[in-house]
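[1] sequence-free structure coming up:
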């Protein structure tokens, strides 16, 4: 104990805080789905489904440390399987609910061809000079400039 400077006590997360963490994690999964080129669809998790994910992903000792892993196992992998087997298409709405009889989450397509919110266009960054460490100015890289096409050789 003589080498310890301070002791920090962490209080366990309350139910409301765990629900907020779950909401953030599910929002990140939805963003990942919307950013895929092949499968832009929406999903929603019912209250019973959220309760199951909180039960699977939280621990009294470790808090929400395993929540991301539970979401990957119970939501992301099945959604990826539905997408790979082309059971979910662009604009679909998938409802994720707890199925008591099968003791697992069920995935039900509720809507088809719904309007997907458009992604925000990325801002165009102007090309500007940046100071180098040696005192010389250098051209800053720009992700918005497309490389010039190489000329084709005539055959």
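    Looks like it came in fine. The structure presented is a predicted model; accordingly, all values stated were derived computationally and were not measured.

[2] can we go C-alpha only for contacts and neighbour counts from here?
    OK.

[3] Looking at residue 44 now. What's its pLDDT?
    As predicted, residue 44 sits at a pLDDT of 93.

[4] same thing with residue 88?
    The model's pLDDT for residue 88 equals 86.

[5] Mind listing what's buried along the helix or strand harbouring residue 96?
    Element membership of residue 96 [criterion: DSSP states H and E] is strand 93-99. Across strand 93-99, burial judged by 16 or more other C-alpha atoms under 10 Å covers 93-98.

[6] ditto for stretch 15-28
    Buried residues in stretch 15-28 (16+ other C-alpha under 10 Å): 18-19, 21-22, 25-26.

[7] which two from those end up farthest apart in space?
    18 and 26 (12.2 Å; C-alpha to C-alpha).

[8] give me the low-pLDDT residue ranges for this structure?
    1, 37-39, 113-155 (pLDDT under 70).

[9] any chance you could map the helices in it?
    15-35, 47-57, 67-71, 77-84 (DSSP state H).

[10] Reformat those into JSON lines and put distance to residue 107 next to each item.
    Listed next are those as JSON lines, based on distance: least, C-alpha to C-alpha, whole Å:
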{"stretch": "helix 15-35", "distance to residue 107": "15"}
{"stretch": "helix 47-57", "distance to residue 107": "10"}
{"stretch": "helix 67-71", "distance to residue 107": "14"}
{"stretch": "helix 77-84", "distance to residue 107": "8"}
